[in-house]
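K.L.:
Sequence below, structure please.
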Amino acid sequence: RDPMRDWSSDVCSSDLFKMWLTLLALTPASLSSAPVRSFGAQEAFTFASDLQATDDGGVVVVGRTQGSLAAPAQGPGSGDAFMVRLDAQGRTLWARQWGSTGKEEATSVVRDGEGFWAAVQHNGAEGLGELGLKGYSSAILRINGEGEVERAFSVPALIEDIVLTSEGELVLCGARITPQSGAADFFLAQHAPDGRQRWAQVPSAPETDEHCRSVYAHAGGVVATGRAMSPILEAKATPMPGLRSEDEILGGLLTTSVSAAGRVQWSHLVAGQRFGWGQQVVVDAAGDAWVAASFEHIGASPNRTEAALLRFSPTGHAQLVHAVDMVNSERTRDDLVLHGESLIWSVGLPHRAPEGLPAAELVMSGVRGGEVGPWVAVDALRRGARIYPAEEGLLLLGLTCQATPFHAPSPYQGCDPAVRALPLP
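P.N.:
Sure thing, here's the model as predicted:
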């Protein structure tokens, strides 16, 4: 599992939380917001992993809950997967929930005509009979606009991201877990809608930890990014001048390009840092792949991270576009989205903002002509904020929080998962 997403374990340890998912509206003319509608699991912890906008102005949200959104909670497990559809006014149209006594999470959702594809992870050894899953595997569900599961197939990996190709096939990105050793292998595969596997890239490196985090489909194939501890997928170790650390590599940012036929075209394992993660990848109209990345320097005191934006040409030439040295590692994830011809980069900040950046939990910048523009503070959404293109501007998925007492068992007591509309920066 991705350590940057394991912030949820702190929240789960508290029984004092009342988590709701709130749909918020934000007008481009002002940065104030007002709640429109909320739904949730009452006293239980709930968080959202991904969303898709719908043609009616609403959203479909997936994630994990310890409560009962659409079915009774499944006992003492770490949470159930859920999928909820809201209309343009924030009203709940339907909700679905899948779970066991283990840990389930719906990690990714993508539009497919009038319906959706969603990935549901089962992170446990016992299996999930409801979806026909074995341990440490995922169900890929085709769900219609009314919330009914039309078909499903399983894959032997924990899927983090799914995308559709222009031919309507599914590309899956995640990690294959070996229960006996706990090793995780980078997993990237393409499947037909009926579940037939077209190709797979699942390189195995003994007793190491590799993950695919994000994948993007384009005309020539796919580009995926994540983390690797060894040069798998024919990757070459790639020094990146401009990054702060030159320490021995313990786990680096892996980015790979795979053709539509499943052949590796190029791969880079970015060297020169301690722990690296590719967090989000997009491919622009020119065929350049852009990666939002985070590098953690364990040897520093306190631990430090760098947020970095990298560009890879269609032939695999790697370039560091921009890097921000953070005060410490206590910060949220970064994201990247294409909106028309605009590239938007969002960066989660620590409690003490680095010099030259606004004091905020999250900042965004427009990237034009390879240059990072001014940073814009995003107010009132915390922890793990994701950005998505919308018809007019962006959608932001994160948390909105009330003031937390000093003695509270978690800094996220009183936080609500939230979706907000934002203007482009």
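
K.L.:
can you tell me the helix or strand for Gly174?
P.N.:
strand 170-177 (DSSP states H and E).

K.L.:
which other helices and strands contact the helix or strand following that strand?
P.N.:
Next helix or strand after strand 170-177 toward the C-terminus (DSSP H and E): strand 184-191. Secondary-structure packing of strand 184-191 (3 or more Cβ pairs under 8 Å, 6 or more residues apart in numbering; DSSP states H and E): strand 149-155, strand 170-177, strand 197-201, strand 211-218, strand 221-228, strand 252-259. All C-beta atoms are positioned from the backbone trio N, CA, C, and that covers glycine.

K.L.:
From Leu188, how far off is the closest residue to Gly57 other than its chain neighbours?
P.N.:
Closest residue to Gly57 apart from its sequence neighbours, by Cβ to Cβ, 6 or more residues apart in numbering: Ala88 at 3.2 Å. Distance, Ala88 to Leu188, by Cβ to Cβ, to the nearest Å: 36 Å.

K.L.:
neighbour-wise, which of those two wins?
P.N.:
Set Ala88 next to Leu188 and count neighbours by other Cβ atoms under 10 Å: Leu188 wins out with 25 against 13.

K.L.:
Pull the contacting residues for the more buried one.
P.N.:
Applying Cβ atoms under 8 Å, 6 or more residues apart in numbering, we find Leu188 in contact with 171-173, 200-202, 212, 215, 222, 224, 256, 258.

K.L.:
and if we set it to 7 Å?
P.N.:
173, 201, 212, 215, 224, 258 (Cβ atoms under 7 Å, 6 or more residues apart in numbering).

K.L.:
Can you tell me the element Gly57 falls in?
P.N.:
Counting by DSSP H and E, Gly57 is part of no helix or strand.

K.L.:
What's the local residue count around it?
P.N.:
13.

K.L.:
burial count for the nearest residue to Asp112 once chain neighbours are set aside?
P.N.:
The shortest distance from Asp112 to any non-neighbouring residue, by Cβ to Cβ, 6+ apart, is to Leu164 (6.1 Å). Using other Cβ under 10 Å, Leu164 is surrounded by 16 other residues.

K.L.:
Was I right to think Leu164 contacts Val110?
P.N.:
Yes - Leu164 is in contact with Val110 according to Cβ atoms under 7 Å; the separation is 5.5 Å.

K.L.:
OK, contacts around Gly147?
P.N.:
Taking Cβ under 7 Å, 6+ apart, one finds 85, 94, 96 in contact with Gly147.

K.L.:
any chance of those in TSV, plus secondary structure?
P.N.:
Shown next, in TSV, are these (DSSP: H, G, I helix; E, B strand; the rest coil):
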residue	secondary structure
Arg85	strand
Trp94	strand
Arg96	strand
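
K.L.:
Please type out the PyMOL selection for whichever of these turn out to be buried.
P.N.:
Buried residues within the contacts of Gly147, by 16 or more other Cβ atoms under 10 Å, are selected in PyMOL with:
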select buried, resi 85+96
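
K.L.:
from the contacts of Gly147, which is closest to Ile387?
P.N.:
Ile387 lies nearest to Arg85 out of those, by Cβ to Cβ, at 20.4 Å.

K.L.:
so the closest residue to the closest one other than its chain neighbours is in which element?
P.N.:
Nearest residue to Arg85, sequence neighbours excluded (Cβ to Cβ, 6+ apart): Leu93, at 4.5 Å. Using DSSP H and E, Leu93 falls within strand 92-98.

K.L.:
and the angle for that strand with strand 149-155?
P.N.:
If you take axes from the mean of the first three to the mean of the last three Cα atoms, to 10 degrees, strand 92-98 sits at 40 degrees to strand 149-155.

K.L.:
helix or strand right after strand 92-98?
P.N.:
strand 104-112.

K.L.:
Tell me what angle the strand holding Leu93 forms with strand 104-112.
P.N.:
130 degrees.

K.L.:
helices or strands up against strand 92-98?
P.N.:
Using 3 or more Cβ pairs under 7 Å, 6 or more residues apart in numbering; DSSP states H and E, the elements in contact with strand 92-98 are strand 80-86.

K.L.:
Average pLDDT for the strand it packs on, rounded please.
P.N.:
What strand 80-86 shows for mean pLDDT is 89.

K.L.:
what's near enough to touch the residue nearest to Gly57?
P.N.:
56-58.

K.L.:
still on that earlier bit, redo the contacts of Leu188 as TSV? Include pLDDT.
P.N.:
Compiled in TSV, the contacts of Leu188 are given as follows (pLDDT from 0 to 100):
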residue	pLDDT
Cys173	97
Gln201	93
Cys212	94
Val215	98
Ala224	96
Val258	96
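
K.L.:
what's the closest of those to Tyr136?
P.N.:
Of all the contacts of Leu188, Cys212 has the smallest distance to Tyr136: 14.9 Å, by Cβ to Cβ.

K.L.:
Quick one: residues contacting the closest one.
P.N.:
160, 173-175, 186-188, 224, 226.

K.L.:
hey, where'd the helices end up in the chain?
P.N.:
8-12 (DSSP state H).

K.L.:
For stretch 49-59, give me every contacting residue.
P.N.:
Here stretch 49-59 makes contact (Cβ under 7 Å, 6+ apart) with 60-64, 85-88, 105-111, 116, 388, 390, 395, 397, 419.

K.L.:
Pull out the buried members of those.
P.N.:
60-64, 85-86, 105-110, 116, 388, 390, 395, 397, 419.

K.L.:
Can you tell me how far Val110 is from Val215?
P.N.:
Val110 is 11 Å from Val215, by Cβ to Cβ.

K.L.:
now do Pro156
P.N.:
For Pro156, the distance to Val215 - Cβ to Cβ - is 18 Å.

K.L.:
quick one, which of these two is more surrounded?
P.N.:
Remark: of Pro156 and Val215, Val215 carries more neighbours, 25 against 14, as counted by other Cβ under 10 Å.

K.L.:
Mind listing the residues bridging to the more buried one?
P.N.:
Ala224 (DSSP bridges).

K.L.:
and if you look at Arg176?
P.N.:
Beta-bridge partners of Arg176, as defined by DSSP bridges: Asp185.

K.L.:
before we move on, back to that, mind listing the shared neighbours of Val110 and Val215?
P.N.:
In contact with both Val110 and Val215: Val163, using Cβ under 7 Å, 6+ apart.

K.L.:
For the residue nearest to Ile162 when sequence neighbours are not counted, give its distance to Phe275.
P.N.:
Using Cβ to Cβ, 6+ apart and skipping residues adjacent in sequence, the residue nearest Ile162 is Ser108, 4.7 Å away. Applying Cβ to Cβ, the value for Ser108 to Phe275 is 23 Å.
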